[in-house]
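# Here is my input; please provide its structure:
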Amino acid sequence: MDRARLTVWVEGRVQGVGFRWWTRRIAVELGLAGSATNLADGRVEVIAEGARAACQSLLEWLEGNRTPGYVRRATYEWSDADGLSGFTVR
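Here you go, the predicted model:
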């Protein structure tokens, strides 16, 4: 299996609208591990590890128009998986 780590910084109205918990639900459904964290500057940082195709699907969800709140922009980077387990919301 082609495993990867995807880190996404999501900008817009994404804090205080259930965005992190929604992200967790989608990620867990896709079989991904990682976290969704509110940042002090108003963005949410999403880290996801698992099958590269599942990470790509999560990215498409995050960039889509069905998220809670409003996503203005999602900046992301790919790297090697570190072996995370579970999905936490911080």
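# Could you report the neighbour count for A40?
5 (other CB atoms under 10 Å). (Glycine included, C-beta is placed from N, CA and C.)
# count of neighbours near G34?
28.
# May I have the beta-bridge partners of it?
Residues in a beta bridge with G34, per DSSP bridges, are A48, F87.
# any idea how far E45 is from it?
10 Å (CB to CB, to the nearest Å).
# Quick check: chain neighbours aside, which residue is closest to R72?
G12 (3.7 Å; CB to CB, 6 or more residues apart in numbering).
# Check which helices and strands whichever strand or helix holds T7 is in contact with.
Using DSSP states H and E, T7 sits within strand 3-13. Judged by 3 or more CB pairs under 8 Å, 6 or more residues apart in numbering; DSSP states H and E, strand 3-13 is in contact with strand 44-51, helix 52-63, strand 70-79.
# For the least confident helix or strand in the chain by mean pLDDT, give me every contacting residue.
Among the helices and strands of the chain, strand 87-89 carries the lowest confidence by mean pLDDT, DSSP states H and E, at a mean of 93. Identification of contacts with strand 87-89 by CB atoms under 8 Å, 6 or more residues apart in numbering yields R20, W21, R24, A27, V28, L32, A33, G34, S35, A36, T37, A48.
# rewinding a little: what lines up beside the strand holding T7 in the sheet?
For strand 3-13, pairing defined by DSSP bridges yields strand 44-51 (antiparallel), strand 70-79 (antiparallel).
# Can you say which of these is nearest to A4?
strand 70-79 (5.8 Å; CB to CB).
# So which residues make contact with the closest one?
With contacts defined as CB under 8 Å, 6+ apart, strand 70-79 is touched by 4-14, 55, 59, 62-64.
# Also compute the angle for that strand relative to helix 52-63, please.
160 degrees (axes from the mean of the first three to the mean of the last three CA atoms, to 10 degrees).
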